Structures are given as structure tokens and as C-alpha cells.
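Colleague: Predicted model and sequence follow; I will ask about them next.
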Amino acid sequence: MTCFIVTPDIFLKLPQFKIGIIQYKQITVTPSPQMFKGRFQLFQESLHIEFADKPITEITGIQSFRQVFKEIGFSPSKYRPSSESLLRRIKKGNYLKPIDSAVDLTNFFSIKYEIPIGIYDSDHLSGNLQIRIGANDEMYQSLHGREQWMNGILLSADEQGPFGSPIVDSTRTRATENTKNAVQIFYLQPEMSKQESNQLLEAAANMFTQLNGGSSHISLLSIENPEA
């Protein structure tokens, strides 16, 4: 299994910070089954109704992670958490379109748990991985088709440099239907207990492998356990 570490400066700013890691082996990514696509569409429609008269920033998970951004030192108004961006789309009725069984399920988890989550092709990663703050000269080509500069931003990086963040991920390590081994990074709400965090990760891993096959390995990184 790949080694992950959260750098100490993050815990100095936010002692309750938690990251969930799920590593998958020998998965089979396909177009999402029709049953899942139907359920996902209905879920989005129910959220659209639920949030019709409620500001997105009043949603518990969104409030929590906007505060994470502030504590770490960058503006959640300038850089929105990806979970907030997804829910804003749904609130407008701009529902998420199916991509594949790995990405669709990751998006489902993100809006269900109201947290940023990224999924990456492990075979496109090199060496051990860090969760850290970006430096002045770091950037990558994002899934939005633009250069994303990472100065001062919470990010995930391998030996080649940054590849993901709770804002938007890079094209370099994106998961596709060719992906056989993958890793999901869960930016958990800090106020969640370790028990709640592990239960969330176990439920997500079970659902993911039911849909995509393969095996899973779960790690929870915190101030007491910054490396796994």
C-alpha cells in the first residue's frame, strides 16, 4: 500500500483535521449501471427540492469545510470546496451527468456526506503521498481545463508534485474506465469522531467495491496518526 502523511503545519492550524484514505486494488470501472444512475438522479432531484429555499452556505457540511479553509488560511469565497460547487449545481437544477462508475460514485459520496472527495488512478502516482499546503510555484492542469495555481492551498502531492485538492483535481491522475487501482481521499468534517469517520469510510468502501469489484484498504489520518 502507498504511504500517506499529513504535514505537521496543518495540525498546528487545525488540530481536529482528519483525512480518510481508501485504496482500491483490481477494480473494474464501467459506465454506471442504469439502476445506480436512476437512483443518483432521484437523489439529486430530492436535494434540489430540499435546498430550494436554503442558502448552500447554511448546509452543515459546507459550513464546516468553509471553516477548514479559513483556519488553514485561504478564502472559501475565492476557492470553493468541491462539495459546495457540486451542491450549487444541483440547487440550480444543473444535475451531474454520468461519467463512469468510479467518478459517479465519488460524486455521490461527496454530495451525500457534504465533503470534498477526490478519486485518483494509483498507477499514475509515484512514491509516497503528502497532504500539505501548496508552494508559490506549484500548479497543475485542472479538470476544469485551466491552470490551477496552488500557493497556500491545501493539496495532495506525490513525488512529481501536486495532483489534487479539495477544490479541483488535476488531469494527470484522473480516474477513468482504464483505471484498475485507485485511491479516494476524503476531506472529513473535523468535528466528526474517529468512530463516525471510520464508519463513513467503511460504508463508502463497501458500496464502491459492490459496484466496481476489487478490494479496499482504509486509513484514517489525524493528529494522533498523521501517517499511514
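Modeller: Received it, and whenever you're ready, just let me know what you need.
Colleague: buried ones in the longest helix belonging to the chain?
Modeller: When every helix of the chain is counted residue by residue (DSSP state H), the longest turns out to be helix 194-212. Neighbour-count burial for helix 194-212, counted by 16 or more other C-beta atoms under 10 Å, picks out 197, 200-201, 204-205, 208-209, 211-212. The C-beta positions use only the backbone N, C-alpha and C, and glycine is treated the same way.
Colleague: Would you quantify the distance from the residue lying farthest from the centre of the chain to residue 135?
Modeller: Distance from the C-alpha centroid of the chain, by C-alpha atoms, centre = their mean, peaks at residue 53 (26.4 Å). Look at residue 53 and residue 135: by C-beta to C-beta, to the nearest Å, they are 42 Å apart.
Colleague: Likewise for residue 8?
Modeller: For residue 8 relative to residue 135 (C-beta to C-beta), the value is 16 Å.
Colleague: which residues touch residue 188?
Modeller: 18-20, 115, 197, 200 (C-beta atoms under 8 Å, 6 or more residues apart in numbering).
Colleague: wait, what's in contact with the closest residue to it other than its chain neighbours?
Modeller: What sits nearest to residue 188 in space, not counting adjacent residues and going by C-beta to C-beta, 6 or more residues apart in numbering, is residue 18, at 4.3 Å. Shown in contact with residue 18 (C-beta under 8 Å, 6+ apart): 188-190, 192, 194, 197, 220-222.
Colleague: Just the residues you listed: which are in strands?
Modeller: Counting by DSSP state E, the contacts of residue 18 place 220-221 in strands.
Colleague: Please enumerate the helices of the chain.
Modeller: Counting by DSSP H, the helices of the chain are 8-13, 34-50, 60-72, 82-91, 101-113, 194-212.
Colleague: Most tightly packed of the ones you listed?
Modeller: helix 101-113 (a mean of 22; mean count of other C-beta atoms under 10 Å).
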